[in-house]
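[1] Any chance you can model this:
(chains A and B)
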2 protein chains.
Amino acid sequence: MNQKTIRLLMPQWQGGNNPNYSFGAELLAWLAPDNDQPLIQVPVQAYDGSPLENENGVNGRKQLIEQLEAAQHIIHAHKPDRIVMFGGDCLVEQAPFAYLNERYNGELGLIWIDAHSDLVGYVGYDNGHTLPLGNLLGEGDEEFAKHVKIPLKPENVFIAGLATPTEQESEEISEAFERLGITTAESDTEMIQRLGIKTAGAEELTRSTQSIKEWIKESGIKHLAIHLDLDVLDPKAFRSLLFANPEGPYTFSPAGSLQIPQLLHLLKELSEETDVVGLGITEHMPWDSINLKNLLGEIPILNN
Amino acid sequence: MNQKTIRLLMPQWQGGNNPNYSFGAELLAWLAPDNDQPLIQVPVQAYDGSPLENENGVNGRKQLIEQLEAAQHIIHAHKPDRIVMFGGDCLVEQAPFAYLNERYNGELGLIWIDAHSDLVGYVGYDNGHTLPLGNLLGEGDEEFAKHVKIPLKPENVFIAGLATPTEQESEEISEAFERLGITTAESDTEMIQRLGIKTAGAEELTRSTQSIKEWIKESGIKHLAIHLDLDVLDPKAFRSLLFANPEGPYTFSPAGSLQIPQLLHLLKELSEETDVVGLGITEHMPWDSINLKNLLGEIPILNN
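    Reported below is the predicted structural model:
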């Protein structure tokens, strides 16, 4: 069977309100193995030095919606069977996975490999990258969720690699939330319970991926999309993450703890167990390459 | 005056006996700002899985000499006024800087920005990347030094950013040297003293670059080449270094401690004080990109 796969490069940064996500996307696409999959760039408004506006609780809402629609148009122009998405912040996942759920008649399975569940908005933080899985389930933010024609079924979603904050992380997060007045109507944990979404933490995954294989079998997943937020990885082992900023720690959410070999093992197993029709990779923040690129950009002999 | 500048990409890894240097070179060249300088690839024998042979005290001597000669041929074919070199291990610097010293009538100035002085060989370590500055001075390794038609004058060389090992580093280095029976006929420090080469450590550079400016004035440096071994940087701030291997510390030499802003300040000052005709950047070891590239290379949907 001849499957049509496209690669999308969506250097979206507004969802994390950090322009470095754009370069992270470009480097990610550059690192991917060459093959005959076309690489299509989704237009994204580049950072122009001015701060994003908070529009009804989401920083840069207008730009994000425009970019979401651009991604939708491109995908519908190509009508692929499979999509690879190189982000960018996590919100890039909405368009491809919503399309794939239509493509596979509302029966798409989705594994969300991420230290965070990306289900709800946080008032006072207001960055769209906390929302994509919520939107895909028809929850999240109303305007974004409206762009999902067929919401995913909660029983077809599995969240893998959820971080358990250490005591120190818990304290730092509480402090940061209190200092900035960050609140949420329903917590991620509450929504997970309400919707009955299955999860497994990094520790469990390292021991066994049995619960994921059972979920695939029991839910009858035929076609699976994989979301991979690189922040599921241990920032001591993989430092190209928001959580490994050499200039100081990130204190708004707990860091991941998965190791690369365990992640690879899981990804390979998923391809053996089911038909992987989508892969999105997000939140690549290559500090060293960013700093080195900036340095090279200022050395006179390289800029004559 | 119309100056002809070429960029060379020399993904040499044999001088550090670590195939990762090749990818580091490629990423480095990709990160450099685009301009109209041609980028010319120097042929380098790719790692084929078999270990290098120790040939008369240098691992991979034959390949290294062949690659040195290839770089020389390419440079002489182009006859540039200025050369940018993207390495690769430190030994890539020999061909461009030896050529530039001929081009500028034996009066080239050379600043060696590096945590290490790269002057002498170490029996039992046997990697060529400890030799390039020695070779350029007509010392180092006899066979390599023979390829330098006009050796640099020691008074025209300045070593900047030399690491002072911490007590723990000193102990680890001594232990590693003793365990592996690593010895040297003359230490770097001894050669620096014998030749009267000026130096400044990272701490001094952070306080003031006065000694470098005085050296340029007193030695009458009109044309300057800059060697930048990225390992001069603090591996806590820039982790794409041998010294920041996430799998474990490197214990054969002390790590650098310079910060990126201080390095940039120095590079800009050098361009103001004199005519920079050469720049070589070496020993880029981007662990995260290497690990991510390897991961992507094994994910089935990206490799169909």
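[2] Stretch A:139-159: which residues count as buried?
    A:139-141, A:143-145, A:147-148, A:150-159 (16 or more other Cβ atoms under 10 Å in any protein chain shown). C-beta coordinates here come from the backbone N, C-alpha and C atoms, glycine included.
[3] so of those, which ones are in strands?
    Residues of the buried residues of stretch A:139-159 located in strands (DSSP state E): A:Val157, A:Phe158, A:Ile159.
[4] How much space separates the second one from B:Leu263?
    Spelled out, it's A:Phe158. 46 Å (Cβ to Cβ, to the nearest Å).
[5] Is the helix or strand containing A:Asn291 in proximity to chain B?
    In the assignment (DSSP states H and E), A:Asn291 maps to helix A:287-296. Yes. Using Cβ under 8 Å from any Cβ of the partner chain, helix A:287-296 comes into contact with chain B via A:Trp287, A:Asp288, A:Ser289, A:Asn291, A:Leu292, A:Lys293, A:Leu295, A:Leu296.
[6] elements contacting that helix?
    helix A:20-31, helix B:20-31, helix B:260-273 (3 or more Cβ pairs under 8 Å, 6 or more residues apart in numbering or on different chains; DSSP states H and E).
[7] Just the buried ones out of the residues of helix A:287-296 next to chain B, please.
    A:Trp287, A:Asp288, A:Ser289, A:Asn291, A:Leu292, A:Lys293, A:Leu295, A:Leu296.
[8] Could you find the closest non-adjacent residue to the last one?
    Closest residue to A:Leu296 in three dimensions, ignoring its sequence neighbours and counting by Cβ to Cβ, 6 or more residues apart in numbering or on different chains: B:Ala32, at 4.9 Å.
[9] mind listing the helices in the stretch 1-150 of chain A by residue range?
    Remark: helices assigned in the stretch 1-150 of chain A by DSSP state H, counting those that start in this stretch are A:20-31, A:61-78, A:94-103, A:132-136, A:142-145.
[10] scratch that, the stretch 201-304 of chain A
    Counting by DSSP H, counting those that start in this stretch, the helices of the stretch 201-304 of chain A are A:202-207, A:210-218, A:260-273, A:287-296.
[11] most tightly surrounded among those?
    helix A:287-296 (a mean of 20; mean count of other Cβ atoms under 10 Å in any protein chain shown).
[12] ok now that one, how far from the chain's centre?
    24 Å (Cα atoms, centre = their mean, to the nearest Å).
[13] Just the pLDDT at the residue nearest to A:Leu296, thanks.
    According to the prediction, B:Ala32 has pLDDT 98.
[14] Look at it and say how many residues are nearby.
    Number of residues near B:Ala32 (other Cβ atoms under 10 Å in any protein chain shown) recorded here: 21.
[15] Any idea what the nearest residue to A:Thr199 once chain neighbours are set aside is bridged to?
    Of all residues not flanking A:Thr199 in the chain, A:Ile159 sits nearest, at 4.4 Å (Cβ to Cβ, 6+ apart). With DSSP bridges as the criterion, A:Ile159 is bridged to A:Trp112, A:Thr199.
[16] Verify the contact between A:Ile159 and A:Gly201 for me.
    No. Using Cβ atoms under 8 Å, A:Ile159 is not in contact with A:Gly201, being 9.4 Å away.
[17] Now do the same contact list for A:Tyr99.
    A:Gln72, A:Ile75, A:His76, A:Ile83 (Cβ atoms under 8 Å, 6 or more residues apart in numbering or on different chains).
[18] switch the cut-off to 7 Å
    A:Ile75 (Cβ atoms under 7 Å, 6 or more residues apart in numbering or on different chains).
[19] Likewise for A:Pro33?
    B:Leu296, B:Gly297, B:Leu302, B:Asn303.
[20] And A:Ile226, how close does it get to chain B?
    In this view, A:Ile226 and chain B are 8 Å apart by Cβ to the nearest Cβ, to the nearest Å.
[21] In space, what's closest to that residue - neighbours in sequence excluded?
    Once flanking residues are discounted, A:Ile226 sits nearest to A:Leu279: 4.9 Å by Cβ to Cβ, 6+ apart.
[22] try A:Glu175
    A:Thr251 (7.4 Å).
[23] Going by neighbour count, list what's buried in stretch A:237-255.
    For stretch A:237-255, by 16+ other Cβ under 10 Å, it's A:237-244, A:250-255.
[24] what pLDDT, on average, does that stretch get?
    Stretch A:237-255 comes out at a mean pLDDT of 93.
[25] hang on, A:Gly121 packs against A:Glu142?
    No. A:Gly121 is not in contact with A:Glu142 according to Cβ atoms under 7 Å; the separation is 10.3 Å.
[26] Flag every buried residue along the lowest-mean-pLDDT helix or strand in chain A.
    Every helix and strand of chain A was ranked by mean pLDDT, DSSP states H and E. The lowest is helix A:167-180, at a mean of 91. Across helix A:167-180, burial judged by 16+ other Cβ under 10 Å covers A:Glu169, A:Glu172, A:Ile173, A:Phe177.
[27] How about stretch A:119-126?
    A:Leu119, A:Val120, A:Gly121, A:Tyr122, A:Tyr125, A:Asp126.
[28] give me the number of residues near A:Ile221?
    23.
[29] count of neighbours near the residue lying closest to it once chain neighbours are set aside?
    Nearest in space to A:Ile221, with sequence neighbours left out and distances taken as Cβ to Cβ, 6+ apart, is A:Gly109 at 3.3 Å. Close neighbours of A:Gly109, defined as other Cβ under 10 Å, add up to 29.
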